[in-house]
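*Asks:* Structure of the sequence below:
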Amino acid sequence: MKKSFQAVPFLVLLTGLTNVTTSGQAVQPAPSEFTVSQRLQTAQTNPLRVTKPTEIAAFEQLIDSYFMAWSDAVSNSATERPARFYAKDDGLVFYDPLPPLEGYHNWEQFKVDVVRIWREAGVVTADIQRTGTPQIWRRGDLAWAAVPHRATTTLRNGRSQRTDQRQTFVWQQRDRQWQIVHEHASATVKLGSNLPSRSGRTPLGQDNAELRQRVRDFWSAWNTKTVDAVAPFYSQTPDLFVYLPWRTGGFIGWNTYKQSADQIMQNMRTVKVTPYDDIYVLQVGDVAVTAGPFNLLMRDQMGTKTQGDARYTLIWERQDGQWRIVHEHLSSVVS
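*Replies:* Presented below is the predicted three-dimensional model:
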């Protein structure tokens, strides 16, 4: 369902420092008013799902404005609008549904290449809309969300195309502004597909040998084809959320995910996951984001093979002294 909302100037939306009149004049908010940023700043500092209606509404407005800005960017090459949502650090990781598989590593690269690639794919206009309620979590100055959405595009040949996608946002609050420090947008691929190969490397981010080894051990555990072997790597709380490459919707909670993973593993004759050595790490307190490419080989009992490169986002939380996954997003790219 298309969401309707009143457009809000981006600096107001991101900072909440002022309101703007219809004439464009900035005024201070009344004491009884809650601006978007102020509502976000009241979110729980515990590592729990955001459930307060005012906080959910504030994040929804932030997300909807982001999609509106990207719709305009693709249609009019107006990349200054989505620019306001992003951190400008070098060495970040932004994954788009289209190639390259290794994503983009700073805003300057992203703003130029993503519009060019959409153009090369024949896209003339785009309308990107959220299609469901986002799942949102926050701990301190780091927040993340899982968001279903649909991209409706008009192609150069006059045809219209709709693609259901899903997106992981990771925001960090800096100087009272929520800025995207990692994102992972993707569409689904079918089991039995030949996946494309990566064409470049992923930046490493922070120097963190512990988390990089944790990522390697996690993928090694999957090679056992035993879900019980990977269980210690996942949070057992209801806050766990997982996106798999071949399913549009996500799994909420370990028990739900385990049932599906058990079925998949039982149907597989071969599972081999090999992470590449370029593992991105961003740690903020007791929450960390890791991302990177991996090579996948899966062969089911009928001999159908899924092979090629894919990429992951794993959000970890330190629980009882151990890093455990609270959010997972796996995907490939669409050609």
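*Asks:* does residue 328 belong to a helix or a strand, and which?
*Replies:* Element membership for residue 328 (DSSP states H and E) is strand 322-331.
*Asks:* for residue 179, same thing?
*Replies:* Using DSSP H and E, residue 179 falls in strand 177-186.
*Asks:* Mind giving me the packing neighbours of that strand?
*Replies:* Using 3 or more Cβ pairs under 8 Å, 6 or more residues apart in numbering; DSSP states H and E, the elements in contact with strand 177-186 are helix 10-15, helix 36-41, strand 93-95, strand 160-174, strand 287-300, strand 305-319, strand 322-331. Heads up, the C-betas are built off the backbone N, CA and C, glycines and all.
*Asks:* Highest mean neighbour count across those, which stretch is it?
*Replies:* Among the helices and strands packed on strand 177-186, strand 93-95 has the highest mean neighbour count (mean count of other Cβ atoms under 10 Å), at a mean of 23.
*Asks:* Measure how far that strand is from the centre of its chain, please.
*Replies:* 8 Å (Cα atoms, centre = their mean, to the nearest Å).
*Asks:* Heading C-terminal from that strand, find the next helix or strand.
*Replies:* helix 107-120.
*Asks:* residues in contact with that next one?
*Replies:* Helix 107-120 is contacted from outside by 73-74, 77, 79, 82-83, 86-88, 92, 94, 96, 98-99, 104, 126, 153, using Cβ atoms under 8 Å, 6 or more residues apart in numbering.
*Asks:* What of stretch 73-90?
*Replies:* Counting by Cβ under 8 Å, 6+ apart, 10-11, 14, 62, 66, 69-70, 72, 94, 105-108, 110-112, 115, 118, 123-126, 153, 172, 174, 179-181 sit against stretch 73-90.
*Asks:* on that earlier part again, so which of the helices and strands packed on strand 177-186 comes closest to residue 212?
*Replies:* strand 287-300 (7.6 Å; Cβ to Cβ).
*Asks:* Parallel or antiparallel, which strands does that closest one pair with?
*Replies:* strand 268-275 (antiparallel), strand 280-284 (antiparallel), strand 305-319 (antiparallel) (DSSP bridges).
*Asks:* which stretch among these comes nearest residue 218?
*Replies:* Per Cβ to Cβ, nearest to residue 218 of these: strand 305-319, 7.4 Å.
*Asks:* can I have the strand holding residue 328 written out in PDB, keeping just the CAs?
*Replies:* Taking Å, rounded to 0.1, in the frame of the first residue of the first chain, the C-alpha atoms of strand 322-331 are listed here in PDB:
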ATOM      1  CA  GLN A 322      29.900 -13.500  23.200                       C
ATOM      2  CA  TRP A 323      29.200 -11.800  19.900                       C
ATOM      3  CA  ARG A 324      25.800 -13.100  18.600                       C
ATOM      4  CA  ILE A 325      24.000 -12.300  15.400                       C
ATOM      5  CA  VAL A 326      20.800 -10.200  15.800                       C
ATOM      6  CA  HIS A 327      20.300  -9.300  12.100                       C
ATOM      7  CA  GLU A 328      21.400 -11.200   9.000                       C
ATOM      8  CA  HIS A 329      20.900 -10.200   5.300                       C
ATOM      9  CA  LEU A 330      22.200 -12.400   2.600                       C
ATOM     10  CA  SER A 331      21.800 -11.600  -1.100                       C
END
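*Asks:* Distance from the chain centre to it, please.
*Replies:* So, by Cα atoms, centre = their mean, the centroid of strand 322-331 is 12 Å from its chain's centroid.
*Asks:* now what about that strand, what contacts it?
*Replies:* 47, 95, 97, 137, 144, 146, 166, 168, 184, 186-189, 210-211, 214, 218, 232-235, 237, 239-245, 288, 310-318.
*Asks:* if you set the cut-off to 7 Å instead, what comes out?
*Replies:* With Cβ atoms under 7 Å, 6 or more residues apart in numbering as the test, strand 322-331 has contacts from 144, 168, 184, 186, 211, 214, 233-235, 239-245, 288, 310-317.
*Asks:* what pLDDT, on average, does that strand get?
*Replies:* On average, the pLDDT along strand 322-331 is 98.
*Asks:* coming back round to it: for the helices and strands packed on strand 177-186, give me TSV that also has distance to residue 271.
*Replies:* Putting those into TSV (distance: least, Cβ to Cβ, whole Å) gives the following:
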stretch	distance to residue 271
helix 10-15	43
helix 36-41	40
strand 93-95	23
strand 160-174	23
strand 287-300	5
strand 305-319	10
strand 322-331	13
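*Asks:* quick one: low-confidence ranges for this protein?
*Replies:* For the chain, applying pLDDT under 70 flags the ranges 1-47, 335.
*Asks:* try 50
*Replies:* Within the chain, the stretches with pLDDT under 50 are 1-47.
*Asks:* Contact partners for the residue nearest the centre of it?
*Replies:* Of all residues in the chain, the one closest to the mean position by Cα atoms, centre = their mean is residue 168, 1.9 Å from it. Listed by Cβ under 7 Å, 6+ apart, the contact set of residue 168 reads 144, 146, 183-184, 313, 327, 329.
*Asks:* give me that answer again for 10 Å
*Replies:* Going by Cβ atoms under 10 Å, 6 or more residues apart in numbering, residue 168 touches 95, 135, 144-147, 182-186, 241, 243, 250, 289, 291, 313, 315, 327-329, 331.
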